[in-house]
Every structure is written in structure tokens, then in C-alpha cells.
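> Mind looking at a prediction? Sequence and model below.
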Amino acid sequence: MIFENIRELKHKDELIEKINIYIRLVEVTAERNNSIVDSRATASTSVIKEMISMGVIDGEEDLPLLEKYIGKLFTPFINCVGYYLQNKTAFGNELDQLSNSKRKQIQKANMDSGKPTFADFFAGAGGLSCGFTQAGFRVCFANDFEDVCIRTYKYNHPELPSNKIIQGDIREIVCNIKDYIKEEVDVVVGGAPCQGFSSANQQRIIDDPRNELYKYFIKAVSNILPKFVIMENVKGMLKVADQVVEDYQNIDEIRNGEQYSYKVAYKLLNSVDFSVAQSRERLIYIAIRTDIMDKKQINPELIFEQISSNNEGNKVHTLKEALEFIKPLEAPRIKNLNEVDDSKTGKKIDKNDFDGQENEYLRLINNGRQIHYLFNHKARFVNDINYDIYRLLNQGDDASDPKIADIMPYKNRLHCFKDKYYKLIADKPSRTITAHLRMDCHSHIHPFQIRALTPREAARCQSFPDDYLFLGAYLKTYMQIGNAVPCLMAKVIANVIKKYI
């Protein structure tokens with residue numbers, strides 16, 4: 001559930017984060033409806049009952065403990081619950097993700113849906129899962145090591161019970177996978193981090209200790225025996241691609257007297273071909289259990305052919321399309337304001353001033369839905385030197401441009417820092433959104449405004465829907481977004497595979 005028993009609370013900061021989200025969602029809804037949240041509400045019987053339904057408290061006796069934990073947020077929270085109860089029709093299902101009882105209803109309906117299933121390892125913020133659920137799959141298990149990724153995943157995937165979203169080391173989970181997954185899994189997806197590609201002298205690079213997590217992904221496949229496997233990784237993994245094929249083909253399991261093995265193929269795919277407003281090359285492996293191959297008369301190469309066929313005629317969407325219909329912002333010029341909401345520099349949760357005004361690309365990533373909120377659209381601090389660099393560069397200019405030669409901090413190391421600064425080109429797809437953006441965003445300067453891309457703009461380039469909220473500290477939102485698989489890319493792959501399940 002989204003809220004844990006307050007008497008057994010382990011992470012006060014997470015509770016405060018969720019209460020803040022609830023308050024902001026209610027405040028924005030009130031603003032949309034030209035009203036205000038009554039500051040005189042009390043912890044009435046109906047308010048307490050709603051808080052119990054949400055899972056924030058178990059009973060009225062927990063109110064003092066709640067006030068102790070959330071402090072100055074206590075009264076605004078009470079006021080916002082009261083506003084919600086008086087204006088339910090204004091919210092629809094927009095607060096369901098923050099209610100344990102509503103999530104239980106969603107989970108029951110999802111479990112009874114009869115949809116094909118998938119498990120997501122190294123799930124991150126949930127890009128692969130987002131695409132697969134959009135394609136009509138039901139996620140039955142998700143795992144990641146990063147706490148902040150788990151929080152984001154849990155919030156955005158209310159259909160999956162919390163005890164199936166596991167933060168932990170895959171090396172410990174795989175050995176006890178039957179404790180977590182007790183049903184047949186149609187597809188296993190994931191992108192194991194592999195960092196040992198520089199050891200080119202080794203006979204088998206994939207056996208580098210730094211690539212150990214990949215081995216446990218293979219072990220997960222061996223233990224679960226799904227019909228299909230989708231594994232995503234960086235382009236650099238091409239140098240070990242044949243070794244990966246060998247590892248998949250070495251899977252040989254016997255269950256209930258039946259022998260199971262896999263055939264695998266790989267291909268370098270670019271997200272721009274999937275209508276994503278970003279050029280992002282990723283190595284995709286598709287493995288199929290051999291009994292399914294025989295039964296369905298398919299093979300991994302055929303799946304890749306059908307993916308390519310589905311992409312034929314797709315429109316190439318540009319960065320400009322991803323940046324349209326969103327509030328213009330100014331970059332903060334004072335340090336330590338990245339976490340502070342402000343009308344000029346942006347807010348973590350704000351009103352969507354362009355509700356109902358969308359272009360073709362935004363309708364595509366939002367599945368035609370109108371999104372009332374604006375999430376994670378907050379400009380990043382920029383100092384005086386970088387502000388001048390951002391201002392002077394034209395679209396397509398990088399750190400070697402003579403206009404900034406006298407102020408460029410890394411001018412003596414241009415051989416390795418040429419791309420340190422880059423102003424994006426509006427009429428082309430965005431360059432690859434990377435996790436490095438958490439360190440600095442100089443490589444992704446906005447084409448029109450004197451600032452870097454915001455997390456929301458980066459998420460649009462990754463084809464996340466606009467109502468996908470990234471939790472955690474501001475800079476960590478860039479990491480979550482940059483590490484993700486573009487949702488539209490995952491959706492196309494899922495739709496092809498779904499035909500054979």
C-alpha cells in the first residue's frame with residue numbers, strides 16, 4: 001500500500017513527501033476550480049474516516065502521532081481532506097494513487113482482468129513497465145535497488161500490490177523468487193547494468209565481475225521460465241552480444257518432466273523510429289522459449305521484423321513538439337532553490353495552464369487524455385558564467401564555439417569536453433537523455449529559454465505521460481528519467497509480443 005501503518009513507520013520523510021503531494025494536488029484542483037481550500041476545517045468524523053480509508057491513520061487515536069510526524073503540514077492536510085470530501089466530483093480518480101482502499105480496488109480489478117503478465121527487474125522509475133501496461137499487460141512483480149525509484153514506481157503503478165514491488169539486491173531475490181511470484185509469468189523484462197566493457201583482453205568480457213548483475217538476470221529467467229524475455233542495454237554491450245546469446249542458449253531447465261530452453265536475437269534500435277522525440281540507441285535482446293516458438297511458429301528474428309514493420313511510416317517527432325504547451329520558466333540564479341516552488345522557476349506540482357491544448361506528440365504520449373496537472377516542471381539553478389554561456393550559444397553550438405572561448409571553464413580540455421555544453425536543436429529529435437543530467441544539464445540547454453531542460457521536459461523526450469510523477473529529490477528525478485526506457489518504445493515491442501500470448 002502507499003501508506004504504511006503509522007505506528008510502525010520506518011521512513012518519516014516518505015510520509016511527509018506523500019502528504020505534500022496530496023496537499024498540492026488538492027490546492028491545484030481548487031485553483032483550477034477558482035476556489036480556495038478552507039483553512040478552518042477540523043478533524044471531523046468524515047475527515048477522520050477518509051484518512052483511515054487512505055491508510056494514513058488506523059483510527060482517531062493516531063492523530064497526535066500523525067501531527068508529531070508531519071508537523072506544520074498537519075493543519076493544511078486536514079483542510080485539504082475536508083476540501084476533497086466537499087468537492088469529490090472535481091477530482092475524479094486523481095487522488096486514487098494516494099489511497100490504500102482505492103489501490104486495493106484497482107489491484108483486484110487488475111488481478112481479475114485476465115491480461116498477460118510480466119515481471120520487471122531493474123525496473124527503475126518504470127519506463128518499460130509503463131509501456132507494457134499501456135499495451136495491455138499486467139505487471140506481477142517489480143524490483144530495483146534504488147529506494148527513490150521504488151517510491152516513484154509504487155506511486156505510478158497502483159495496480160501492483162506493495163509486497164510485489166521489492167527494493168533489494170537481485171542476488172538475494174532471485175534465489176527466493178518463488179516467495180514473490182506465485183503465478184505464471186508471460187514476459188520478463190529488464191535492463192541489467194553492465195559496466196565491464198573496457199576489459200577487452202578478457203576471453204569473456206561478460207564474465208567481468210562488474211557485470212555480475214547481468215548474470216543474475218539470466219538466473220531469474222532460468223528460475224521463472226517466461227515465454228518471452230526482453231532485455232535492454234546500452235549500445236556498448238554490442239561487443240559482448242554473442243556472449244549474451246550463448247548464455248541464453250545455455251539455459252536448460254526441466255520442470256514437470258518438460259525441458260525448457262531459449263533462442264535469442266538482438267538488434268540495435270533507435271527510439272526515434274518509435275515516434276519518440278529523442279534519438280536514443282539501445283541494444284534490445286528478445287528471447288523466446290523454444291516450446292512457444294514451435295507452438296506459435298515464430299522466432300526472435302520474426303519479432304524484430306514485425307517491430308520494424310510496425311514502425312514504418314512513423315512520424316519523426318521533434319524536440320520542439322515535446323517542449324510545446326508547457327509553462328515558460330526562468331532558471332534560479334540563487335543556489336539551493338532547486339527544491340523550492342516558485343511561480344517563475346517552477347513547481348514540483350502545478351496547474352497545467354495548457355489543459356486541452358496539445359499537439360500530436362503530446363496526445364500520443366498522453367494516450368489522448370487531458371492532464372490537469374503539471375509535474376516536475378522546475379528549472380535548475382544556473383550560475384553567472386553558465387548563464388552567459390547558455391545565452392550566447394545558438395542551437396547546435398557546443399563548448400568549442402568561439403563565442404564562449406573567453407569564458408568556457410574547460411577550454412584547455414576541449415578534446416574531452418566538447419559536448420560539455422550543447423544547445424539543443426528544436427527542429428530535430430532531442431539528443432539522448434542520460435542519467436548524467438543529475439550532475440549537470442549543460443549538455444541539454446533549452447533551445448529558446450536561457451536554462452537547461454526541466455525534469456518534465458526530459459520526461460516528455462522519454463515519452464513518459466505528463467501525469468507520471470517522479471518522486472524524490474530534484475536532482476534524482478533526472479537520474480530516474482535518464483535511466484529509463486522510453487515508454488513508447490516499450491509499448492510497441494509489447495504490442496508485437498502480445499499477439500503471441
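Structure received. Numbers count the residues shown, from 1 in each chain.

> where exactly do the strands run in the stretch 201-350 of the chain?
Secondary structure of the stretch 201-350 of the chain (DSSP state E, counting those that start in this stretch): strands located at 228-233, 253-255, 258-260, 262-270, 281-289, 346-351.

> for the helix or strand containing residue 489, packing partners?
If you go by DSSP states H and E, residue 489 is part of helix 487-498. If you count contacts as 3 or more C-beta pairs under 8 Å, 6 or more residues apart in numbering; DSSP states H and E, helix 487-498 packs onto helix 127-134, strand 187-190, strand 228-233, strand 281-289, helix 300-311, helix 360-365. All C-beta atoms are positioned from the backbone trio N, CA, C, and that covers glycine.

> Out of the strands of the stretch 201-350 of the chain, indicate the one that is most buried.
Highest mean neighbour count among the strands of the stretch 201-350 of the chain (mean count of other C-beta atoms under 10 Å): strand 228-233, with a mean of 24.

> Against the centre of the chain, work out the most remote residue.
Computed with C-alpha atoms, centre = their mean, the residue of the chain farthest from its C-alpha average is residue 257, at 39.9 Å.

> if I pick that residue, what's in contact with it?
Counting by C-beta atoms under 8 Å, 6 or more residues apart in numbering, residue 257 makes contact with nothing.

> pLDDT score assigned to it?
The score at residue 257 is 89. That number is its pLDDT.

> need the helices and strands packed on helix 487-498 in JSON lines with distance to residue 333, can you?
Compiled in JSON lines, the helices and strands packed on helix 487-498 are given as follows (distance: least, C-beta to C-beta, whole Å):
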{"stretch": "helix 127-134", "distance to residue 333": "33"}
{"stretch": "strand 187-190", "distance to residue 333": "41"}
{"stretch": "strand 228-233", "distance to residue 333": "39"}
{"stretch": "strand 281-289", "distance to residue 333": "36"}
{"stretch": "helix 300-311", "distance to residue 333": "43"}
{"stretch": "helix 360-365", "distance to residue 333": "30"}
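
> If you drop the residues flanking it in sequence, what lies closest to residue 300?
Of all residues not flanking residue 300 in the chain, residue 265 sits nearest, at 3.6 Å (C-beta to C-beta, 6 or more residues apart in numbering).

> List the residues that contact that neighbour.
Counting by C-beta under 8 Å, 6+ apart, residue 265 makes contact with 245, 285, 286, 299, 300, 301, 303, 304.

> and if you look at residue 9?
15, 69.

> That one and residue 23: what is the separation?
Shown here: residue 9 relative to residue 23, a distance of 19 Å by C-beta to C-beta, to the nearest Å.

> and if you look at residue 441?
When residue 441 is compared with residue 23 (using C-beta to C-beta), they lie 28 Å apart.

> The two: which has the busier surroundings?
Ranked by neighbour count (other C-beta atoms under 10 Å), residue 441 and residue 23 place residue 441 first, with 24 against 19.

> and that one, what element?
Assigned by DSSP H and E, residue 441 belongs to no helix or strand.

> again, but for residue 27
Here residue 27 sits within helix 12-32, counting by DSSP H and E.

> Flag the shaky bits of the stretch 401-501 of the chain, pLDDT-wise.
Scanning the stretch 401-501 of the chain for pLDDT under 70 picks out 411-418.

> That one: helices as residue ranges?
Residue ranges of the helices in the stretch 401-501 of the chain, as given by DSSP state H, counting those that start in this stretch, are 414-417, 455-461, 474-482, 487-498.

> and the second one, how far from the chain's centre?
Meaning helix 455-461. Taking C-alpha atoms, centre = their mean, to the nearest Å, the mean C-alpha location of helix 455-461 is offset from the chain mean by 11 Å.

> With the third one instead?
With C-alpha atoms, centre = their mean as the basis, helix 474-482 stands 9 Å off its chain's centre.

> same for it, what does it pack against?
Contacts defined by 3+ C-beta pairs under 8 Å, 6+ apart place helix 474-482 against helix 147-156, helix 455-461.

> give me the number of residues near residue 45?
A count of neighbours around residue 45, defined by other C-beta under 10 Å, yields 9.

> One more: the one 5 residues further on?
Around residue 50 sit 17 other residues, with neighbours defined as other C-beta under 10 Å.

> Report the contact partners of it.
Residue 50 sits next to 81, 84, 85 when contact means C-beta under 8 Å, 6+ apart.

> Any of those buried? List them.
Neighbour counting by 16 or more other C-beta atoms under 10 Å classes 81, 84 among those as buried.

> would CSV of the contacts of residue 50 with pLDDT, distance to residue 392 and secondary structure be doable?
As requested, these are exported to CSV (pLDDT from 0 to 100; distance: C-beta to C-beta, whole Å; DSSP: H, G, I helix; E, B strand; the rest coil):
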residue, pLDDT, distance to residue 392, secondary structure
81, 97, 50, helix
84, 97, 48, helix
85, 96, 53, helix
